[in-house]
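Trainee: Here's my sequence, what's the structure:
(chains A and B)
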Amino acid sequence: MNGTTRVALLLAAVILVMNGPQLRAQAKASLPAVHLNAEEMGPRTIEEMTSKSVPRDYSYAWQTMAQAMAQNRLDLLNGYFTGFAKDKLTKRIQDQKKTGVHVRYTDRGHKLTGLFYSPAGDAMQLRDEAQLDIQVLDGEKVIHSEQVTLHYMVLMTPGADRWLVRDLQTTPDVKR
Amino acid sequence: MRSHKPAFLGLLTLALTTVAFAAELRPPDKVFAGADFAIRSVGSGQATFYLIGPTQVSKRQVDLGSDIAVHGAEVEKAGRYTAIVCVSDQCNSASFHVRPDQASRVSLLVHPSRVRVASPNAISAVAFVFDRYRNMLFTPQTIEFTVTPPDGKEISTTRPTDNGVSWIRLTSATKEGPAKISAKVGSAEEVRVVRQVASEACNLRISANWVDRKLWVQTDPVRDCSGNALPDGTIVSFTKTDASGKTTVDAPIKRGIAKVQMPVQGGVRISVASGVVTGNEIQFAGGR
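Mentor: Down below sits the predicted model:
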(Lines give C-alpha, C1' and ligand atoms only; values in the text may rest on other atoms or scores of the structure.)
Protein backbone atom coordinates (compact mmCIF):
# COMPACT_ATOMS: atom_id res chain seq x y z
CA MET A 1 0.00 0.00 0.00
CA ASN A 2 1.63 3.26 -1.06
CA GLY A 3 1.37 6.53 0.76
CA THR A 4 -1.30 8.02 -1.50
CA THR A 5 -3.61 5.01 -1.03
CA ARG A 6 -3.09 5.14 2.72
CA VAL A 7 -4.00 8.84 2.81
CA ALA A 8 -7.08 8.20 0.63
CA LEU A 9 -8.27 5.39 2.92
CA LEU A 10 -7.67 7.49 6.01
CA LEU A 11 -9.63 10.36 4.46
CA ALA A 12 -12.50 8.02 3.56
CA ALA A 13 -12.57 6.66 7.13
CA VAL A 14 -12.63 10.19 8.57
CA ILE A 15 -15.51 11.17 6.25
CA LEU A 16 -17.46 8.04 7.25
CA VAL A 17 -16.93 8.64 10.96
CA MET A 18 -17.97 12.27 10.63
CA ASN A 19 -21.05 11.57 8.50
CA GLY A 20 -22.20 8.36 10.20
CA PRO A 21 -24.47 10.02 12.77
CA GLN A 22 -25.84 12.34 10.08
CA LEU A 23 -26.71 9.38 7.80
CA ARG A 24 -28.47 7.63 10.67
CA ALA A 25 -30.33 10.82 11.50
CA GLN A 26 -31.49 11.14 7.88
CA ALA A 27 -32.79 7.56 7.87
CA LYS A 28 -34.60 8.24 11.14
CA ALA A 29 -35.90 11.56 9.87
CA SER A 30 -37.52 9.89 6.86
CA LEU A 31 -39.65 7.75 9.17
CA PRO A 32 -42.89 9.68 9.79
CA ALA A 33 -43.73 10.64 13.35
CA VAL A 34 -46.69 8.69 14.73
CA HIS A 35 -48.29 9.36 18.09
CA LEU A 36 -50.79 6.87 19.49
CA ASN A 37 -53.46 7.73 22.01
CA ALA A 38 -54.99 4.46 23.21
CA GLU A 39 -56.60 5.76 26.39
CA GLU A 40 -60.16 5.14 25.31
CA MET A 41 -59.58 2.03 23.26
CA GLY A 42 -61.34 -1.17 24.23
CA PRO A 43 -62.69 -3.64 25.04
CA ARG A 44 -59.26 -5.22 25.34
CA THR A 45 -56.62 -3.26 27.18
CA ILE A 46 -53.63 -2.58 25.00
CA GLU A 47 -50.42 -4.33 26.08
CA GLU A 48 -47.32 -2.19 26.65
CA MET A 49 -45.41 -3.87 23.82
CA THR A 50 -48.36 -3.44 21.47
CA SER A 51 -48.68 0.25 22.34
CA LYS A 52 -45.13 0.65 21.05
CA SER A 53 -45.23 -1.68 18.07
CA VAL A 54 -48.47 -0.34 16.56
CA PRO A 55 -47.23 3.26 16.03
CA ARG A 56 -43.80 1.99 14.95
CA ASP A 57 -45.27 -0.41 12.37
CA TYR A 58 -47.81 2.16 11.18
CA SER A 59 -44.95 4.58 10.64
CA TYR A 60 -43.04 2.00 8.60
CA ALA A 61 -46.23 1.29 6.65
CA TRP A 62 -46.51 4.95 5.63
CA GLN A 63 -42.84 5.21 4.83
CA THR A 64 -42.96 2.16 2.56
CA MET A 65 -46.25 3.26 1.00
CA ALA A 66 -44.81 6.67 0.10
CA GLN A 67 -41.76 4.99 -1.43
CA ALA A 68 -43.92 2.47 -3.29
CA MET A 69 -46.06 5.28 -4.74
CA ALA A 70 -43.10 7.45 -5.69
CA GLN A 71 -41.16 4.61 -7.32
CA ASN A 72 -44.07 2.43 -8.57
CA ARG A 73 -42.71 -0.50 -6.57
CA LEU A 74 -45.23 -3.17 -5.62
CA ASP A 75 -42.65 -5.17 -3.66
CA LEU A 76 -42.48 -2.44 -1.01
CA LEU A 77 -46.09 -3.13 -0.04
CA ASN A 78 -45.28 -6.65 1.18
CA GLY A 79 -43.75 -5.57 4.46
CA TYR A 80 -46.56 -3.73 6.22
CA PHE A 81 -49.76 -4.16 4.20
CA THR A 82 -52.18 -7.02 3.82
CA GLY A 83 -55.78 -7.67 2.77
CA PHE A 84 -57.87 -4.86 1.32
CA ALA A 85 -55.20 -2.21 1.97
CA LYS A 86 -52.61 -4.10 -0.03
CA ASP A 87 -55.10 -4.84 -2.83
CA LYS A 88 -56.02 -1.15 -3.09
CA LEU A 89 -52.45 0.10 -3.18
CA THR A 90 -51.43 -2.60 -5.66
CA LYS A 91 -54.20 -1.55 -8.02
CA ARG A 92 -53.21 2.11 -7.69
CA ILE A 93 -49.56 1.45 -8.46
CA GLN A 94 -50.58 -0.62 -11.49
CA ASP A 95 -52.66 2.35 -12.70
CA GLN A 96 -49.76 4.72 -12.03
CA LYS A 97 -47.54 2.57 -14.24
CA LYS A 98 -50.18 2.55 -17.00
CA THR A 99 -50.81 6.30 -17.01
CA GLY A 100 -47.39 7.67 -16.15
CA VAL A 101 -48.99 9.64 -13.34
CA HIS A 102 -47.71 9.18 -9.82
CA VAL A 103 -48.24 10.63 -6.37
CA ARG A 104 -45.51 11.87 -4.08
CA TYR A 105 -46.18 12.15 -0.34
CA THR A 106 -44.21 14.19 2.13
CA ASP A 107 -45.33 12.90 5.47
CA ARG A 108 -45.58 15.46 8.28
CA GLY A 109 -46.85 13.09 10.93
CA HIS A 110 -49.82 11.15 12.23
CA LYS A 111 -52.02 11.33 15.31
CA LEU A 112 -53.49 7.89 15.91
CA THR A 113 -56.44 7.39 18.20
CA GLY A 114 -57.28 3.83 19.20
CA LEU A 115 -61.00 3.10 18.77
CA PHE A 116 -61.37 -0.65 19.07
CA TYR A 117 -59.14 -3.52 20.15
CA SER A 118 -60.90 -6.86 19.79
CA PRO A 119 -61.28 -9.11 22.85
CA ALA A 120 -59.05 -11.77 21.26
CA GLY A 121 -56.40 -9.19 20.29
CA ASP A 122 -56.66 -10.05 16.60
CA ALA A 123 -57.86 -6.70 15.22
CA MET A 124 -57.38 -3.04 16.07
CA GLN A 125 -59.26 -0.10 14.62
CA LEU A 126 -57.70 3.35 14.75
CA ARG A 127 -58.42 6.82 13.51
CA ASP A 128 -55.53 8.70 11.96
CA GLU A 129 -55.20 12.42 11.52
CA ALA A 130 -52.46 12.65 8.92
CA GLN A 131 -50.58 15.80 7.93
CA LEU A 132 -49.42 15.39 4.36
CA ASP A 133 -47.93 17.30 1.48
CA ILE A 134 -49.19 15.66 -1.69
CA GLN A 135 -47.86 16.21 -5.18
CA VAL A 136 -49.33 14.63 -8.29
CA LEU A 137 -46.89 14.29 -11.16
CA ASP A 138 -47.50 13.43 -14.79
CA GLY A 139 -44.09 12.14 -15.74
CA GLU A 140 -41.78 14.63 -14.07
CA LYS A 141 -44.23 17.55 -14.26
CA VAL A 142 -46.03 18.53 -11.08
CA ILE A 143 -49.70 18.97 -11.98
CA HIS A 144 -51.10 19.30 -8.48
CA SER A 145 -49.70 20.16 -5.11
CA GLU A 146 -51.43 20.52 -1.76
CA GLN A 147 -50.83 20.50 1.95
CA VAL A 148 -53.65 18.66 3.69
CA THR A 149 -54.90 17.11 6.89
CA LEU A 150 -56.62 13.85 6.05
CA HIS A 151 -58.59 11.54 8.28
CA TYR A 152 -58.15 7.82 7.84
CA MET A 153 -59.88 4.87 9.44
CA VAL A 154 -57.29 2.16 9.87
CA LEU A 155 -57.71 -1.54 10.53
CA MET A 156 -54.59 -3.32 11.72
CA THR A 157 -54.08 -7.01 12.43
CA PRO A 158 -51.12 -8.78 13.98
CA GLY A 159 -48.71 -10.64 11.72
CA ALA A 160 -45.87 -12.95 12.69
CA ASP A 161 -43.60 -10.22 14.07
CA ARG A 162 -45.40 -6.94 13.39
CA TRP A 163 -48.76 -5.24 13.01
CA LEU A 164 -50.02 -5.01 9.44
CA VAL A 165 -52.32 -2.43 7.88
CA ARG A 166 -55.34 -4.39 6.63
CA ASP A 167 -57.59 -1.50 5.64
CA LEU A 168 -56.94 2.20 5.13
CA GLN A 169 -59.87 4.37 4.18
CA THR A 170 -60.10 8.16 4.14
CA THR A 171 -63.21 9.62 5.68
CA PRO A 172 -64.65 13.13 5.38
CA ASP A 173 -65.67 13.21 9.02
CA VAL A 174 -65.25 10.66 11.74
CA LYS A 175 -67.21 10.62 14.97
CA ARG A 176 -65.65 10.39 18.44
CA MET B 1 -47.78 52.82 -39.75
CA ARG B 2 -47.28 50.46 -36.87
CA SER B 3 -48.94 47.07 -37.10
CA HIS B 4 -51.50 46.12 -34.41
CA LYS B 5 -50.82 42.41 -35.02
CA PRO B 6 -48.39 41.81 -32.09
CA ALA B 7 -50.71 43.58 -29.67
CA PHE B 8 -53.64 41.52 -30.93
CA LEU B 9 -51.68 38.29 -30.54
CA GLY B 10 -50.68 39.34 -27.06
CA LEU B 11 -54.29 39.98 -26.11
CA LEU B 12 -55.31 36.64 -27.64
CA THR B 13 -52.66 34.81 -25.63
CA LEU B 14 -53.77 36.61 -22.49
CA ALA B 15 -57.38 35.69 -23.22
CA LEU B 16 -56.49 32.04 -23.81
CA THR B 17 -54.44 31.98 -20.62
CA THR B 18 -57.39 33.47 -18.77
CA VAL B 19 -59.64 30.75 -20.23
CA ALA B 20 -57.11 28.16 -19.19
CA PHE B 21 -56.98 29.59 -15.66
CA ALA B 22 -60.76 29.62 -15.63
CA ALA B 23 -60.87 25.87 -16.21
CA GLU B 24 -62.68 24.70 -13.14
CA LEU B 25 -64.13 21.44 -11.84
CA ARG B 26 -67.29 21.13 -9.79
CA PRO B 27 -67.85 17.63 -8.46
CA PRO B 28 -71.26 16.80 -6.93
CA ASP B 29 -71.77 17.03 -3.19
CA LYS B 30 -72.55 13.36 -2.77
CA VAL B 31 -70.91 10.55 -4.68
CA PHE B 32 -71.52 6.89 -3.85
CA ALA B 33 -69.17 4.02 -4.54
CA GLY B 34 -69.74 2.30 -7.86
CA ALA B 35 -72.29 4.84 -9.12
CA ASP B 36 -71.86 6.78 -12.36
CA PHE B 37 -71.78 10.56 -11.96
CA ALA B 38 -70.55 13.67 -13.73
CA ILE B 39 -68.17 16.47 -12.81
CA ARG B 40 -69.14 19.87 -14.18
CA SER B 41 -66.32 21.63 -15.95
CA VAL B 42 -66.10 25.33 -16.62
CA GLY B 43 -64.01 26.66 -19.47
CA SER B 44 -63.64 25.83 -23.12
CA GLY B 45 -61.44 23.79 -25.37
CA GLN B 46 -59.71 20.50 -24.84
CA ALA B 47 -58.05 19.60 -21.56
CA THR B 48 -56.40 16.65 -19.88
CA PHE B 49 -58.46 15.22 -17.06
CA TYR B 50 -56.96 13.18 -14.24
CA LEU B 51 -58.79 11.28 -11.53
CA ILE B 52 -56.77 9.97 -8.60
CA GLY B 53 -58.43 7.84 -5.95
CA PRO B 54 -57.57 5.21 -3.35
CA THR B 55 -57.12 2.45 -5.93
CA GLN B 56 -57.00 4.10 -9.27
CA VAL B 57 -55.40 6.72 -11.44
CA SER B 58 -56.94 7.64 -14.78
CA LYS B 59 -56.06 10.19 -17.44
CA ARG B 60 -58.01 11.22 -20.51
CA GLN B 61 -58.82 14.11 -22.83
CA VAL B 62 -62.04 16.01 -22.15
CA ASP B 63 -63.90 19.00 -23.56
CA LEU B 64 -64.20 21.80 -21.07
CA GLY B 65 -67.56 23.46 -20.60
CA SER B 66 -69.44 20.18 -20.53
CA ASP B 67 -69.99 17.49 -17.93
CA ILE B 68 -67.15 15.01 -17.50
CA ALA B 69 -68.67 11.57 -17.13
CA VAL B 70 -67.11 9.37 -14.48
CA HIS B 71 -67.98 5.69 -14.60
CA GLY B 72 -68.94 3.85 -11.45
CA ALA B 73 -66.02 1.48 -12.00
CA GLU B 74 -63.64 4.41 -11.45
CA VAL B 75 -65.02 5.15 -7.99
CA GLU B 76 -65.67 1.74 -6.46
CA LYS B 77 -63.49 2.49 -3.47
CA ALA B 78 -64.74 4.92 -0.86
CA GLY B 79 -62.42 7.71 0.14
CA ARG B 80 -60.91 10.91 -1.11
CA TYR B 81 -60.53 11.54 -4.81
CA THR B 82 -58.70 14.35 -6.56
CA ALA B 83 -59.87 15.46 -9.97
CA ILE B 84 -57.40 17.58 -11.95
CA VAL B 85 -57.84 19.30 -15.27
CA CYS B 86 -54.90 20.74 -17.19
CA VAL B 87 -54.76 23.03 -20.19
CA SER B 88 -51.18 23.36 -21.37
CA ASP B 89 -49.26 24.01 -18.17
CA GLN B 90 -52.19 25.35 -16.20
CA CYS B 91 -53.92 22.89 -13.93
CA ASN B 92 -56.86 23.17 -11.61
CA SER B 93 -58.18 20.61 -9.18
CA ALA B 94 -61.07 19.66 -6.94
CA SER B 95 -61.32 17.02 -4.25
CA PHE B 96 -64.36 15.04 -3.24
CA HIS B 97 -65.26 12.07 -1.10
CA VAL B 98 -66.85 8.91 -2.35
CA ARG B 99 -69.13 7.34 0.23
CA PRO B 100 -69.60 3.60 0.65
CA ASP B 101 -72.57 1.90 -0.97
CA GLN B 102 -75.17 0.03 1.11
CA ALA B 103 -74.14 -2.68 3.55
CA SER B 104 -73.90 -5.99 1.78
CA ARG B 105 -71.11 -7.95 3.43
CA VAL B 106 -70.18 -8.91 6.95
CA SER B 107 -66.77 -10.05 8.01
CA LEU B 108 -66.94 -12.08 11.21
CA LEU B 109 -64.07 -12.95 13.54
CA VAL B 110 -64.88 -15.57 16.18
CA HIS B 111 -62.42 -16.73 18.82
CA PRO B 112 -61.53 -19.31 19.94
CA SER B 113 -62.46 -22.05 17.47
CA ARG B 114 -62.47 -24.64 20.27
CA VAL B 115 -63.68 -23.91 23.77
CA ARG B 116 -64.57 -25.78 26.92
CA VAL B 117 -68.23 -26.00 27.86
CA ALA B 118 -69.69 -23.62 30.44
CA SER B 119 -66.85 -21.11 30.17
CA PRO B 120 -68.12 -17.61 30.99
CA ASN B 121 -67.45 -14.97 28.28
CA ALA B 122 -64.97 -17.31 26.62
CA ILE B 123 -66.15 -16.71 23.06
CA SER B 124 -65.89 -13.35 21.29
CA ALA B 125 -67.49 -12.48 17.98
CA VAL B 126 -66.50 -9.30 16.13
CA ALA B 127 -68.34 -8.19 12.99
CA PHE B 128 -67.16 -5.62 10.44
CA VAL B 129 -69.64 -4.23 7.90
CA PHE B 130 -68.69 -3.65 4.28
CA ASP B 131 -70.45 -2.71 1.08
CA ARG B 132 -70.20 -4.82 -2.07
CA TYR B 133 -66.98 -3.06 -3.04
CA ARG B 134 -65.38 -3.95 0.29
CA ASN B 135 -65.60 -0.43 1.66
CA MET B 136 -66.13 -0.35 5.39
CA LEU B 137 -69.32 1.40 6.49
CA PHE B 138 -68.80 3.81 9.37
CA THR B 139 -72.42 4.91 9.64
CA PRO B 140 -74.34 2.95 12.32
CA GLN B 141 -75.76 -0.39 11.16
CA THR B 142 -77.60 -3.03 13.15
CA ILE B 143 -75.99 -6.42 13.38
CA GLU B 144 -77.98 -9.46 14.38
CA PHE B 145 -75.82 -12.02 16.15
CA THR B 146 -77.30 -15.51 16.37
CA VAL B 147 -75.99 -18.50 18.28
CA THR B 148 -77.22 -21.99 17.45
CA PRO B 149 -76.03 -24.41 20.13
CA PRO B 150 -75.82 -28.19 19.60
CA ASP B 151 -79.37 -28.67 20.90
CA GLY B 152 -80.58 -26.40 18.09
CA LYS B 153 -82.33 -23.68 20.08
CA GLU B 154 -81.29 -20.38 18.51
CA ILE B 155 -80.54 -17.31 20.57
CA SER B 156 -80.34 -13.91 18.85
CA THR B 157 -79.34 -10.43 19.87
CA THR B 158 -78.85 -7.20 17.97
CA ARG B 159 -76.03 -4.75 18.39
CA PRO B 160 -75.36 -1.45 16.58
CA THR B 161 -72.04 -0.90 14.89
CA ASP B 162 -69.68 1.74 16.14
CA ASN B 163 -67.41 2.97 13.35
CA GLY B 164 -68.27 -0.13 11.37
CA VAL B 165 -67.58 -2.61 14.18
CA SER B 166 -69.89 -4.56 16.45
CA TRP B 167 -68.98 -7.29 18.90
CA ILE B 168 -70.35 -9.59 21.58
CA ARG B 169 -69.01 -11.96 24.21
CA LEU B 170 -70.63 -15.33 24.78
CA THR B 171 -70.57 -18.02 27.40
CA SER B 172 -70.18 -21.50 25.98
CA ALA B 173 -73.06 -23.96 26.37
CA THR B 174 -73.07 -26.72 28.98
CA LYS B 175 -73.49 -29.38 26.32
CA GLU B 176 -70.56 -30.25 24.11
CA GLY B 177 -70.78 -30.05 20.31
CA PRO B 178 -70.51 -27.47 17.55
CA ALA B 179 -72.13 -24.07 18.05
CA LYS B 180 -72.89 -21.94 15.03
CA ILE B 181 -72.36 -18.22 15.47
CA SER B 182 -73.60 -15.89 12.78
CA ALA B 183 -73.67 -12.15 12.14
CA LYS B 184 -76.25 -10.69 9.80
CA VAL B 185 -76.81 -7.25 8.32
CA GLY B 186 -79.61 -6.92 5.78
CA SER B 187 -79.43 -10.04 3.67
CA ALA B 188 -75.70 -10.55 4.21
CA GLU B 189 -74.75 -13.22 6.71
CA GLU B 190 -71.53 -14.81 7.82
CA VAL B 191 -71.36 -17.99 9.92
CA ARG B 192 -68.56 -19.46 12.03
CA VAL B 193 -68.52 -22.69 14.01
CA VAL B 194 -67.03 -23.06 17.47
CA ARG B 195 -66.39 -26.54 18.77
CA GLN B 196 -67.42 -26.83 22.40
CA VAL B 197 -65.63 -29.61 24.19
CA ALA B 198 -65.97 -31.18 27.61
CA SER B 199 -64.42 -29.28 30.47
CA GLU B 200 -62.13 -30.68 33.15
CA ALA B 201 -62.92 -34.11 34.58
CA CYS B 202 -65.34 -34.13 37.47
CA ASN B 203 -65.71 -36.85 40.16
CA LEU B 204 -62.74 -38.75 38.76
CA ARG B 205 -62.84 -42.26 40.18
CA ILE B 206 -60.66 -45.34 39.80
CA SER B 207 -61.07 -49.01 40.71
CA ALA B 208 -58.61 -51.91 40.58
CA ASN B 209 -58.88 -55.58 39.64
CA TRP B 210 -56.47 -58.48 39.70
CA VAL B 211 -56.43 -60.36 36.41
CA ASP B 212 -53.94 -63.22 35.97
CA ARG B 213 -51.89 -61.97 38.93
CA LYS B 214 -51.65 -58.54 37.41
CA LEU B 215 -53.17 -55.41 38.90
CA TRP B 216 -55.27 -53.44 36.43
CA VAL B 217 -56.41 -49.97 37.42
CA GLN B 218 -59.10 -48.18 35.45
CA THR B 219 -61.26 -45.12 35.70
CA ASP B 220 -65.01 -44.94 35.64
CA PRO B 221 -66.24 -43.20 32.46
CA VAL B 222 -64.53 -39.80 32.63
CA ARG B 223 -66.98 -36.91 32.39
CA ASP B 224 -67.01 -33.21 33.20
CA CYS B 225 -69.36 -31.67 35.75
CA SER B 226 -72.04 -31.19 33.05
CA GLY B 227 -71.95 -34.86 32.15
CA ASN B 228 -70.02 -34.49 28.89
CA ALA B 229 -67.57 -37.31 28.18
CA LEU B 230 -63.98 -36.13 28.01
CA PRO B 231 -62.60 -36.71 24.51
CA ASP B 232 -60.54 -39.80 23.77
CA GLY B 233 -56.85 -39.02 24.01
CA THR B 234 -57.20 -36.91 27.15
CA ILE B 235 -54.38 -37.97 29.45
CA VAL B 236 -55.08 -39.48 32.86
CA SER B 237 -52.16 -39.91 35.27
CA PHE B 238 -52.05 -42.89 37.66
CA THR B 239 -49.55 -42.61 40.51
CA LYS B 240 -48.47 -45.69 42.45
CA THR B 241 -46.59 -45.55 45.76
CA ASP B 242 -45.25 -48.87 47.07
CA ALA B 243 -42.07 -50.36 48.52
CA SER B 244 -40.17 -49.61 45.28
CA GLY B 245 -41.07 -45.92 45.45
CA LYS B 246 -43.37 -43.59 43.55
CA THR B 247 -44.20 -44.18 39.87
CA THR B 248 -46.53 -42.24 37.59
CA VAL B 249 -48.02 -43.75 34.45
CA ASP B 250 -49.92 -41.61 31.91
CA ALA B 251 -52.69 -43.24 29.92
CA PRO B 252 -55.00 -41.72 27.32
CA ILE B 253 -58.73 -42.08 27.58
CA LYS B 254 -60.02 -44.68 25.13
CA ARG B 255 -63.75 -45.14 24.65
CA GLY B 256 -64.44 -43.01 27.71
CA ILE B 257 -62.11 -44.69 30.20
CA ALA B 258 -58.38 -44.82 30.95
CA LYS B 259 -56.79 -48.10 32.01
CA VAL B 260 -53.28 -49.24 33.08
CA GLN B 261 -51.62 -52.38 34.38
CA MET B 262 -49.33 -51.72 37.35
CA PRO B 263 -46.74 -54.07 38.87
CA VAL B 264 -46.83 -53.76 42.67
CA GLN B 265 -44.69 -54.91 45.59
CA GLY B 266 -46.33 -55.27 48.97
CA GLY B 267 -48.65 -52.54 50.15
CA VAL B 268 -49.58 -50.01 47.54
CA ARG B 269 -51.41 -46.71 47.28
CA ILE B 270 -52.74 -45.58 43.88
CA SER B 271 -54.10 -42.15 43.05
CA VAL B 272 -55.42 -40.59 39.85
CA ALA B 273 -55.41 -37.14 38.28
CA SER B 274 -56.37 -35.51 35.00
CA GLY B 275 -55.17 -32.00 34.35
CA VAL B 276 -55.66 -30.08 37.58
CA VAL B 277 -58.33 -32.47 38.86
CA THR B 278 -57.46 -35.24 41.29
CA GLY B 279 -59.63 -38.27 41.90
CA ASN B 280 -59.98 -40.87 44.57
CA GLU B 281 -57.17 -42.99 46.06
CA ILE B 282 -57.15 -46.76 46.54
CA GLN B 283 -54.97 -48.85 48.81
CA PHE B 284 -54.00 -52.51 49.04
CA ALA B 285 -52.39 -53.98 52.13
CA GLY B 286 -50.31 -56.56 50.19
CA GLY B 287 -49.81 -57.57 46.58
CA ARG B 288 -51.02 -60.85 45.16
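
Trainee: what's the helix or strand for residue B:94?
Mentor: For residue B:94, the host element (DSSP states H and E) is strand B:90-99.

Trainee: Pull up the pairing partners for whichever strand or helix holds residue B:271, direction included.
Mentor: Here residue B:271 sits within strand B:268-274, counting by DSSP H and E. Taking DSSP bridges as the criterion, strand B:268-274 forms sheet pairs with strand B:235-242 (antiparallel), strand B:277-284 (antiparallel).

Trainee: closest to residue B:154 out of those?
Mentor: Residue B:154 lies closest to strand B:277-284 among those, at 33.0 Å (C-beta to C-beta). (Glycine included, C-beta is placed from N, CA and C.)

Trainee: which residues are in contact with that closest one?
Mentor: When contacts are defined by C-beta atoms under 8 Å, 6 or more residues apart in numbering or on different chains, strand B:277-284 is touched by residues B:200-208, B:215, B:217, B:219, B:264, B:267-273.

Trainee: in it, what's buried?
Mentor: Residues B:277, B:279, B:284 are the ones in strand B:277-284 that count as buried (16 or more other C-beta atoms under 10 Å in any protein chain shown).

Trainee: out of those, who's nearest residue B:52?
Mentor: Of all those, residue B:52 sits closest to residue B:277, with 63.6 Å by C-beta to C-beta.

Trainee: Name the residues linked to residue A:141 by a beta bridge.
Mentor: Bridge pairing for residue A:141 - DSSP bridges - gives residue A:138.

Trainee: can you tell me how far it sits from residue B:136?
Mentor: Taking C-beta to C-beta, to the nearest Å as the measure, residue A:141 falls 35 Å from residue B:136.

Trainee: Repeat that for residue A:71.
Mentor: From residue A:71 across to residue B:136, the span is 28 Å (C-beta to C-beta).

Trainee: How about residues contacting whichever helix or strand residue A:165 is part of?
Mentor: Using DSSP H and E, residue A:165 maps to strand A:163-171. By C-beta under 8 Å, 6+ apart, the list of residues contacting strand A:163-171 from outside reads A:50, A:53-54, A:57-58, A:61, A:80-85, A:88, A:123-124, A:150-158, B:54, B:77-80, B:97, B:135-136, B:138.

Trainee: ok, now with 6 Å
Mentor: By C-beta atoms under 6 Å, 6 or more residues apart in numbering or on different chains, the residues outside strand A:163-171 that reach it are A:53-54, A:57, A:61, A:80-85, A:150-157, B:78-80, B:136.

Trainee: among the residues you listed, which ones are buried?
Mentor: Buried positions within the contacts of strand A:163-171, assessed by neighbour count (16+ other C-beta under 10 Å), are A:53-54, A:57, A:61, A:80-82, A:84-85, A:150-157, B:78-80, B:136.

Trainee: Which of the residues you listed fall in helices?
Mentor: Among the buried ones among the contacts of strand A:163-171, the ones falling in helices (DSSP state H) are A:53-54, A:57, A:61, A:84-85.

Trainee: Now narrow these to whatever sits close to chain B.
Mentor: Restricting those to those within reach of chain B (C-beta under 6 Å from any C-beta of the partner chain) leaves residue A:84.

Trainee: Residue B:96 contacts residue B:25, doesn't it?
Mentor: No - Residue B:96 lies out of contact with residue B:25 (C-beta atoms under 6 Å); the separation is 9.2 Å.

Trainee: Which one's more surrounded, those two?
Mentor: Applying other C-beta atoms under 10 Å in any protein chain shown to residue B:96 and residue B:25 shows that residue B:25 carries more neighbours, namely 23 against 20.

Trainee: so how far is the helix or strand harbouring the more buried one off the chain centroid?
Mentor: When secondary structure is defined by DSSP H and E, residue B:25 falls within strand B:24-26. How far strand B:24-26 lies from its chain's middle: 41 Å, per C-alpha atoms, centre = their mean, to the nearest Å.

Trainee: That strand: what's the following helix or strand?
Mentor: Going down the chain from strand B:24-26, the next helix or strand is strand B:31-32, by DSSP H and E.

Trainee: Any chance of the ones in helices among the buried ones among the contacts of strand A:163-171 in JSON lines with pLDDT as columns?
Mentor: Shown next, in JSON lines, are those (pLDDT from 0 to 100):
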{"residue": "A:53", "pLDDT": "96"}
{"residue": "A:54", "pLDDT": "97"}
{"residue": "A:57", "pLDDT": "97"}
{"residue": "A:61", "pLDDT": "97"}
{"residue": "A:84", "pLDDT": "92"}
{"residue": "A:85", "pLDDT": "95"}
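
Trainee: Flag every residue of the stretch 1-150 of chain B that's near chain A.
Mentor: Contacts of the stretch 1-150 of chain B with chain A, taken as C-beta under 6 Å from any C-beta, map to B:54-57, B:59, B:78-80, B:84, B:86, B:91, B:93, B:97, B:111, B:124, B:126, B:134, B:136.

Trainee: Residue B:230 - how many residues pack around it?
Mentor: Count around residue B:230 with other C-beta under 10 Å applied: 27.

Trainee: cool, and residue B:24?
Mentor: Residue B:24 has 14 nearby residues by other C-beta under 10 Å.

Trainee: ok, now residue B:170?
Mentor: Residue B:170 sits with 21 neighbouring residues when counted by other C-beta under 10 Å.

Trainee: What sits closest to it if chain neighbours are left out?
Mentor: Distances taken as C-beta to C-beta, 6 or more residues apart in numbering or on different chains put residue B:123 closest to residue B:170, at 4.2 Å, once the chain neighbours are dropped.

Trainee: Per-residue confidence at residue 31, what does it come out as?
Mentor: Just going to use chain A. pLDDT recorded at residue A:31 is 91.

Trainee: please go with chain B instead
Mentor: Here the pLDDT value assigned to residue B:31 is 96.

Trainee: Residue B:116 versus the nearest residue to it once chain neighbours are set aside, what's the distance?
Mentor: Excluding the flanking residues, the one nearest residue B:31 by C-beta to C-beta, 6+ apart is residue B:98, at 4.8 Å. According to C-beta to C-beta, residue B:98 and residue B:116 sit 46 Å apart.

Trainee: Between these two, tell me which one has more neighbours.
Mentor: Legend: neighbour count by other C-beta under 10 Å for residue B:98 and residue B:116, higher for residue B:98 (28 against 16).

Trainee: So what sits opposite the more buried one in the bridge?
Mentor: Note on residue B:98: beta-bridge partners by DSSP bridges are residue B:31, residue B:79.

Trainee: what residue lies at the spatial centre of chain A?
Mentor: Geometric centre of chain A, nearest residue: residue A:62, 1.4 Å, by C-alpha atoms, centre = their mean.
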